[in-house]
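In: mind folding the following:
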Amino acid sequence: MVSACWGRKASGLPAQIQEFKEAFSCIDQNRDGIICKADLRETYSQLGKVSVPEEELDAMLQEGKGPINFTVFLTLFGEKLNGTDPEEAILSAFRMFDPSGKGVVNKDEFKQLLLTQADKFSPAEVEQMFALTPMDLAGNIDYKSLCYIITHGDEKEE
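Out: Residues are numbered from 1 along each chain as shown. Purely as a prediction, here's the structure:
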């Protein structure tokens with residue numbers, strides 16, 4: 001169920017709204033049209049995080065200032081995404097795998113994550129991605145350069 005809910009690409013506003021609708025449906029586990037604490041807990045559980053503190057779940061629900069239906073959900077995400085620099089968002093995600101702050105992530109560890117977590121990549125997709133990925137001499141991924149390629153395109157393609 002989870003792999004069908006995460007990682008789809010949207011193009012244009014209607015497609016993006018549809019993507020949010022699919023995400024809302026994935027989170028609304030009991031299908032009552034409202035995201036409640038049990039829905040959040042089950043969603044986290046499906047993603048492998050089973051011990052989410054009550055306070056964290058409560059804080060998420062309080063952001064809606066009332067029941068979180070699809071309209072509220074869309075508003076919350078619109079507020080979170082509005083003004084977000086996609087390049088900075090991608091860099092932040094990579095920084096999670098770079099605790100030393102060196103600007104690189106281990107290729108083998110990252111490959112293992114891509115093959116085994118959430119919306120799994122196939123081995124061919126991983127190799128295709130690595131073919132375009134800047135690496136240092138030790139074989140580590142230079143994620144700052146990769147992020148630039150993702151957000152601005154590869155200058156070699158032009």
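In: what residues sit buried inside stretch 40-52?
Out: If you call a residue buried by 16 or more other CB atoms under 10 Å, then stretch 40-52 has these buried ones: Leu40, Arg41, Thr43, Tyr44, Gln46, Val52. Bear in mind the C-beta positions are built from the backbone N, C-alpha and C, glycine included.
In: which of the residues you listed fall in strands?
Out: Nothing among the buried residues of stretch 40-52 maps onto strands, per DSSP state E.
In: want to throw these into a markdown table with distance to Asp108 and pLDDT?
Out: Converted to a markdown table, the buried residues of stretch 40-52 look like this (distance: CB to CB, whole Å; pLDDT from 0 to 100):
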| residue | distance to Asp108 | pLDDT |
| --- | --- | --- |
| Leu40 | 33 | 94 |
| Arg41 | 33 | 93 |
| Thr43 | 30 | 91 |
| Tyr44 | 28 | 89 |
| Gln46 | 27 | 87 |
| Val52 | 29 | 89 |
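In: find the nearest non-adjacent residue to Tyr44, please.
Out: If the residues on either side of it in the chain are set aside, Tyr44 comes closest to Val52, at 4.8 Å by CB to CB, 6 or more residues apart in numbering.
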